[in-house]
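Colleague: sequence and predicted model, in that order:
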Amino acid sequence: MKHELPLGTLELPEGYEDRSSYQFLSAPSTLDAPLARGRGSRIEGMRLSVLLTRVPLVGGKLEDVLGAQENGFRQTLPGVTSVARSRWKHPKLGAVPIIELAFEPVPGHSVKQTHCYFSRDKSKDVVTLTFTTDGRDKGAFESQIAEVFEAFALQD
């Protein structure tokens, strides 16, 4: 299913829009919020989460954004076990900077995130496409992540 959004166009397989649950996103200073709460709530097998957002272009350079993001992850996320940078080849947008990280928000629950950074010409921000998966299921979502990443298109 194709989603035309102000920041870009995403093509996601059927079933990616789930209005039966809530996802809470907060500022880095409040990342200690529980993953699940309430009577009878529990964390079950994780599905791929896709988040599209933007961050300010600090100092006018993408490299400065990557450095600030990497430092922020290390300082604010609980139980960070690894942070690595690389580049993925996008079919239309070329080499895209990536930050991959793994962390344990609660002991025994591993989360893996892949943050893709797309800079737009003459823009004061960077579009980020973030994939979040269960860190124990390495590779379980690789094909879905690749499909969404390759189909992503920036909006002007």
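Modeller: Noted; the coordinates are in hand. Numbers count the residues shown, from 1 in each chain.
Colleague: mind listing what's buried in stretch 103-112?
Modeller: Neighbour-count burial for stretch 103-112 flags 103, 105, 110-112 (criterion: 16 or more other CB atoms under 10 Å). Heads up, the C-betas are built off the backbone N, CA and C, glycines and all.
Colleague: where do the helices sit along this protein?
Modeller: Counting by DSSP state H, one finds helices in the chain at the ranges 62-76, 142-151.
Colleague: out of those, which is closest to residue 95?
Modeller: Closest to residue 95 of the helices of the chain, according to CB to CB: helix 62-76, at 11.4 Å.
Colleague: now find how far off-centre the closest one is within its chain.
Modeller: 14 Å (CA atoms, centre = their mean, to the nearest Å).
Colleague: which residues touch that helix?
Modeller: 28-29, 31, 55-58, 80, 83, 85, 97, 99, 101, 103, 115, 117, 119, 126 (CB atoms under 8 Å, 6 or more residues apart in numbering).
Colleague: same deal with stretch 144-156?
Modeller: Here stretch 144-156 has contacts from 4-13, 48, 50, 88, 90-93, 96, 114, 116, 118, 120, 127, 129, 131, 133, using CB under 8 Å, 6+ apart.
Colleague: the same query, at a cut-off of 7 Å, please.
Modeller: Residues outside stretch 144-156 that contact it (CB atoms under 7 Å, 6 or more residues apart in numbering): 6-12, 48, 50, 88, 90-91, 114, 116, 118, 120, 127, 129, 131.
Colleague: identify the bridge partners of the residue most central in space within the chain.
Modeller: In the chain, the residue lying closest to the centroid (CA atoms, centre = their mean) is residue 130, at 1.6 Å. Beta-bridge pairing for residue 130 (DSSP bridges): residue 51, residue 115.
Colleague: dump the residue contacts of it.
Modeller: 51, 113-115.
Colleague: most neighbours, which of those?
Modeller: The most crowded member of these, judged by other CB atoms under 10 Å, is residue 115 (22 neighbours).
Colleague: do you know how far that one is from residue 98?
Modeller: 7 Å (CB to CB, to the nearest Å).
Colleague: which residue ranges of the protein form strands?
Modeller: 2-4, 8-11, 49-56, 80-90, 94-106, 109-119, 125-134, 153-154 (DSSP state E).
Colleague: and the shortest one, which strands flank it?
Modeller: In other words, strand 153-154. Applying DSSP bridges, one finds strand 153-154 paired with strand 8-11 (antiparallel).
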